[in-house]
Every structure is written in C-alpha cells, then in structure tokens.
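Enquirer: Take a look and give me a structure for this.
(chains A and B)
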Amino acid sequence: MTDGTPRPGAPAPDPDLLYSAEEEALRAAVRSLLADRSDPATVLAGLESDVAYDTGLWRALATEIGTAGLLVPEKLGGAGASAREAAVVLEELGRSVAPVPYLTSAVIAVTALLGCGADSAESAEAAAPLAAGRTVAVLALPLPTAPGAVPDPAVRAAADGTLTGRVTSVADAASAELLLVPARRPDGPALYAVAAAADGVRTETVTPLDLTRPLGHLTFDGARGRLLATGDRARAAVDRALLTGAGLLASEQLGVAEWCLAETVRHTAERTQFGRPVGSFQALKHRMAALWLEVASARAAARYAADALAADSPDAPVAVAVAQAYCAPVAVRAAEECVQLHGGIGMTWEHPAHLFLKRAKSDELALGSPGRHRDALAGLVGIDAP
Amino acid sequence: MDAELTAAGAPDNDPGRIGIGLGMAAPTILRFGSDEQKQRWLRPLWTGEEVWCQLFSEPGAGSDLAALATRAVPDEEGGWVVDGQKVWTSSAHLARWAILIARTDPAVPKHRGISYFVCDMTDPGVEVRPLRQITGEAEFNEVFLTGVRIPDAHRLGGIGEGWKVAQTTLMNERVAIGGVRIPREGGMIGVAAEDWRARPDLRTHELHQRLLALWVESEVARLTGERLRQQLSQGQPGPEGSGMKLAFARLAQEISGWEVEFLAEDGLTYDDWTMRRPDGVDFTGREAGYRYLRAKGNSIEGGTSEVLLNIVAERVLGLPPEPRTDKDVAWKDLPR
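Expert: Below is the predicted model:
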C-alpha cells in the first residue's frame, strides 16, 4: 500500500491553545502602553522621520514592562518566561504595527544567542543587556530566510577571525548595536558577535515596502567579531532562532489580521450608502464573516505554534510550518479586505490601513513564504513531491 | 457489555439510531413537557424502543423555516388536524414519534403563528416516501401529512409559541456539532493523504501543491476545533462553533473533489448506484465519488453556508441586519 514514506509526526498530546491569566495580564499591559504611545496616527507621523525606530516606545516596552527578557532565563537577567508570552506581546505589536525591533532582537537574536549555550561566558555576557532592553541585536540574515533551509553563509571568516562579506535585507539592521553574524570558517559554519559600530562594518539603509520594519544591507570588510559557536551548534542555534521567529511571527500576523477585521467591521457598520449601512449588504458581510472564521482559525494555529515552541515539542517544526502557511495569507487577505471594504478612504495615506497592508505583505515573505513552509511540511509529514 | 445487552434482548439504543430523539426531542421535552409527557416519552426514547424523527423543513420552507405552511386546525374534540408536507426527514421510516411544527394561526406574522406538537408516526394520515439523493441512496424521506389527528395533550409549549420551542431543539442540534476530538489526518484529509502515498504513479506537481494546502487547512480546522473544545471545558464557550461547520463543509468538498481528480481513471467510476436506505453517512467507508457527491450536502444541511455567514456577521460581528420585508406581515399575506 505505502511506498515507505514516514508517517506524519504525532501532534503534541495536550497542547494548551488558550491564554493563561498571566498572559492576559501581560497583554493588557502591552495593549495599554501601545494605545498611549503607538496609536496609528503616531506611527504614521513617525514613518518619514530619520529615526530607525521609536526609541521611547522601545524603552517602555522592553525595559519598563520587561518584555525584552521574556525568553531569557532568570539567571541571565531575563524573566524566564516562554514563547507563549512572547507570542502575546507580538499579537499586540501586530495590532498596532508598532515600529520596534521586538521580533528581531528579543525573539530571534535572543534565541540565537541562547542556542550558543547559556553556559558560555560569551553568550551570557551578551544576553544580559538584550534581556534588559539596553541593547538591540539582530541576526544578520536576509529577512526572507526560512528555518530548515539556511543557505551557506554569505560572510567568510578568516583564520584570524576577521569577517568579510555582504548580507542584504536584514530587518532592523540600522537599529542594532550588536550583529550576530553566521559565517563560513575554513573548518565549517560559525556564529560571531560583531559590534555594529566596529571598524569594517557598513550599514546601508534601503527603502522598505513596510516602513514600520526597516531593512538594511550589511557589509563586513575585515570586521572583528567574537566567536560564539561553531559547527553543528552554530548551525542549530541559527535554525532554532529562525524556527522560533517564524512560529511567533504567526502571532504578529494574527494581530495584524485582528486589527484589520475589527476596523473593517467598525467602518462598514457606520458608513452609509444607498440609505443603509454598507455592512448590512450580504456581499460585504459574507466577506467579513469568512474573514472572521479565518482569524479564529489563525489564532488556533498561532497558539499551537507558540505552545509547541514553549514546550520544545518534537512537533514544533510541523506546528511552525502550519502556522506560517496559514497565518501569513490570512493577514494579507485581512489587510486587502480592509483596504477594499473601506472604499476610497482605504486608498489614502492618511488612513492607517496601508500600514497594515504593507506589514502583512512584508510579513508574508519574512522567514519563509507560505509556499516554502508548505514545501517543508511535505517532507515533515510524508507527502512527498512527485 | 453491548453484546450482553443484545443477548438479553435489550433494545438497541445506539446513538446513531436514536440521535434525533436523544439530541433534539429529549432536551425539548425536558424543557417544555408536562410531567405526563415526560413519563410517556422519555424512557422508551432513551432505551431505543421508540425512535424519533423531526418534521420541520418543508419544500417551501428551508432556510426560511418560519415560513412553513403545514396547517394544524382545531377539531371538534379539542385536538388538531394536520395537513402538509415535510422533507429531509431522517429515520421517518423507522420512527414511532415525530417532533412537528405546524401553523396554527395564519393571520399573524410568521414567527408567531406556529405551534409545536408530537406526532404519532403510525397515524393513517402519515405517508413516508424515501427521498433519493444524488449519491443514489436515500438517507432521508418526504413525509406527507393528510388529516393527521393529534390530541392537544401532545402539544409542547403554548399555542403560537412553537417557534420559541423549536429554538431549543435547534440550539441542541448546534451544540451536538463540534464536540468531537479529531486526530491529525483524521477524516477526509487522511484518505486523500493515503491515496497520495499509495499511488506515486498519479502524482503531479499541481496536485501536490493543492494537497499540501488542503492538509494545512485541515490541520488548522482540527486545531480550531480543539481550541473550541478547550474553551468549552473551561466553561467559556467561544463563538467559533458557528464557524466550524462552514470550514468543515468547504474542506470536505474541496478534498473529495481533489481526490476524484487525483485518482484519474478510478475517479471516473462509482462504487454503487443501487437505491439503498443507509443507517447514516459513512464518509470514509466508501469510494471517492460517493464522498464527492455526499459532501455537496455539507454546505446545505443544518443551515446553508450562506445563512451561517449571515449568522456570524450579525450575531458574532454585530453587523447591521438586512432590511426585513416580512417582519410585520401576516403569514397569509406573504408572497409565495
């Protein structure tokens, strides 16, 4: 009957797909901060300034509420929480398209650093200021890089530890004080920590589709770095960071979609044409009802990914691939429906719908497109290509 | 234990056989029935000695159930005489009793002129005819009611309050959907995935892409159901239940359509067109063509997908309702 392909992996036996009281409390704190400091008008006003990100907002979010250290163990100065809590923060950040380097620094860079070994003095020393929100770090890889498919590093490490090469389209590159750089050594892969201000490091900003998540190209020309890990450990640290980033990006996408749906429902219930609220027409309400179901489903997928990552479940790669393949298009569709069902106002710069559209579309490419995640799933669950 | 009960001559109370009695009639009798009515009906309902069916839908009252035209007119002995036609009645050919809604007052707006009865299916005025479906078999019946006598003691709830009573019945129908825990690759996607693994000769890139997308959607639907179950078990029912049927109907249709296409020559054949009266729906026990055809009913039965989208839009999202032209019009004056 079968051709010997592996059976699909079993899902985690008892995943918790709900939110705990502590997670809801964290959400309330983050939401209240964002309502004060990052309403759509504020985000819009800040877009064309020269500042890479909202530093005041970042300090309040990262340091005062303490979200930067959620994934960092307490002995390294963090909160010792898990991916479940970080996912709740990302849902709220998605709902306000806040321009802060949370996903890149507090999730991806922190996970890469911790993957180098919490016992190593180098990574412990680097983790503490990240956990406190004093330092912003990024993993120097192009934003579209998917977990499980990390290409050979574009940066070369010489025998004396100097780095040479160019990495394009790195998210939040210009915000970062610390760069975690995957590099090729003569004896295999390695991960280095490089100060962004060091000699031989150049950052060019590019004009991004999503202005709320700045991109930059990084050029290393004989820059000096500290070696964090080598070989399989370096490779695994980078892959775990990308897997965690992709899994938790689903929660950001959920937040984006939620805002778009709520705003569209609010607008169409108020906007009157032909003598009645446009939201009373079935042609529109069916689209919003279908979207509501997709958002409710995206929540289950994103929650499962966060829970699988938090529990370090063997099913995490499947959970993340499913969450990305599902949630990325839902966020895009929600944002596209938001623009369309707003009519003319949805096409203006003044209305914030475009911020969510740009974030959603850019998020769809980030950390692997839905098609790449479906391809990964084919191998993971034994539905092999022809 | 089931085997021992059968050997001892106990009646068959398999939930598949008495589902309508258990899931719909019993909660309604418990809520609206008198003590005498509970005494008479509940015990044989539970043991399976008496099977129940539901006489609600009519050829002219599907999505708009409250527009129903079956009439119940008072007779000279204080009872009722019922005339009309009902449709999509499962188990009518096995049933001893039916829950029935009929119009007792045509001069008031449609929701207000309905009463709720228990109808004796052995009455000579009840005629049951199998209703053959596009699958070739007949899961359901048409029921013709001609001068059927119902004593007033078989009424549930007040005269003209039948719509309210029917809401209890229908609410319990919805609760029954969505409580089941499905394993990964459970149901139709599992059959499709097994087909894929078994027939490498039929694989194409385009079918591969579509199967992976359906696999993802099935897994997410499973997780959404699981999340709903967790909410229910914590006593916080979410509105997701209203949406689950929409998702499962669409997936069943897309997956079975994919499967027929994937099977190529085998997709051109059908297992059996013989007119039969199955006990229930067996989605995975038959071939792909049957699944494809039977799944067409998933977006119609128990509320069409279009009506469910209206319900989600108005009750969950709070969007303004459609203007209603029939709201304050007497039923007899409605266009038909």
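Enquirer: residue ranges of the helices in the stretch 151-300 of chain A, please?
Expert: A:231-270, A:282-310 (DSSP state H, counting those that start in this stretch).
Enquirer: Which of the ones you listed sits closest to residue B:94?
Expert: Nearest to residue B:94 among these is helix A:282-310 (35.8 Å), distances taken as C-beta to C-beta. In short, each C-beta sits where N, CA and C put it, glycine included.
Enquirer: starting at the chain centroid, how far to that closest one?
Expert: Centroid separation for helix A:282-310 versus its chain: 18 Å, with C-alpha atoms, centre = their mean, to the nearest Å.
Enquirer: Give me the helices and strands touching it, please.
Expert: helix A:83-95, helix A:231-270, helix A:316-341, helix B:205-233, helix B:240-262, helix B:305-311 (3 or more C-beta pairs under 8 Å, 6 or more residues apart in numbering or on different chains; DSSP states H and E).
Enquirer: buried stuff in it?
Expert: For helix A:282-310, burial by neighbour count (16 or more other C-beta atoms under 10 Å in any protein chain shown) applies to A:284-310.
Enquirer: Is residue A:11 in contact with residue A:315, as I believe?
Expert: Yes: with contact defined as C-beta atoms under 8 Å, residue A:11 counts as touching residue A:315 (5.4 Å).
Enquirer: and residue B:46, how many neighbours does it have?
Expert: 15 (other C-beta atoms under 10 Å in any protein chain shown).
Enquirer: Thought residue B:13 was touching it, still the case?
Expert: Yes: look at residue B:46 against residue B:13 with C-beta under 8 Å: they come within range, at 6.6 Å.
Enquirer: dump the residue contacts of the spatially most central residue of chain A.
Expert: By C-alpha atoms, centre = their mean, chain A has its centre lying nearest to residue A:249, at 3.8 Å. Residues near residue A:249 by C-beta atoms under 8 Å, 6 or more residues apart in numbering or on different chains: A:90, A:103, A:324, A:327, A:363, A:366, A:367.
Enquirer: which residues of the stretch 1-150 of chain B fall in strands?
Expert: Secondary structure of the stretch 1-150 of chain B by DSSP state E, counting those that start in this stretch: the strands cover B:52-55, B:71-74, B:80-90, B:97-103, B:114-120, B:126-131, B:140-150.
Enquirer: Could I get the ones you listed in CSV, plus columns for distance to chain A and mean pLDDT?
Expert: Below are these laid out as CSV (distance: least, C-beta to the nearest C-beta, whole Å; pLDDT from 0 to 100):
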stretch, distance to chain A, mean pLDDT
strand B:52-55, 27, 96
strand B:71-74, 32, 98
strand B:80-90, 24, 97
strand B:97-103, 26, 98
strand B:114-120, 26, 98
strand B:126-131, 29, 98
strand B:140-150, 28, 98
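Enquirer: Any figure for the gap between the closest residue to residue B:12 other than its chain neighbours and residue B:22?
Expert: Of all residues not flanking residue B:12 in the chain, residue B:48 sits nearest, at 5.0 Å (C-beta to C-beta, 6 or more residues apart in numbering or on different chains). Per C-beta to C-beta, to the nearest Å, residue B:48 is found 9 Å from residue B:22.
Enquirer: Repeat that for residue B:261.
Expert: Residue B:261 is 39 Å from residue B:22, by C-beta to C-beta.
Enquirer: what about the closest residue to residue B:242 other than its chain neighbours, how many neighbours?
Expert: Closest residue to residue B:242 apart from its sequence neighbours, by C-beta to C-beta, 6+ apart: residue B:312 at 5.4 Å. Look at residue B:312: counted by other C-beta under 10 Å, it has 25 neighbours.
Enquirer: hang on, residue B:312 packs against residue A:291?
Expert: No: counting by C-beta under 8 Å, residue B:312 stays clear of residue A:291, with 9.9 Å between them.
Enquirer: Mind putting the strands of the stretch 1-150 of chain B into CSV with distance to residue B:321 and mean neighbour count?
Expert: Formatted as CSV, the strands of the stretch 1-150 of chain B follow (distance: least, C-beta to C-beta, whole Å; neighbours: other C-beta atoms under 10 Å in any protein chain shown):
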stretch, distance to residue B:321, mean neighbour count
strand B:52-55, 27, 26
strand B:71-74, 29, 17
strand B:80-90, 26, 21
strand B:97-103, 23, 25
strand B:114-120, 21, 24
strand B:126-131, 33, 16
strand B:140-150, 31, 20
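Enquirer: In TSV, list the ones you listed along with distance to residue A:95.
Expert: Output for these, formatted as TSV (distance: least, C-beta to C-beta, whole Å):
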stretch	distance to residue A:95
strand B:52-55	44
strand B:71-74	54
strand B:80-90	44
strand B:97-103	45
strand B:114-120	45
strand B:126-131	50
strand B:140-150	47
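Enquirer: now for the ones you listed, which one comes closest to residue A:260?
Expert: Across these, closest to residue A:260 is strand B:80-90 (C-beta to C-beta), at 38.6 Å.
Enquirer: That closest one: partners in the sheet, and parallel or antiparallel?
Expert: strand B:71-74 (antiparallel), strand B:140-150 (antiparallel) (DSSP bridges).
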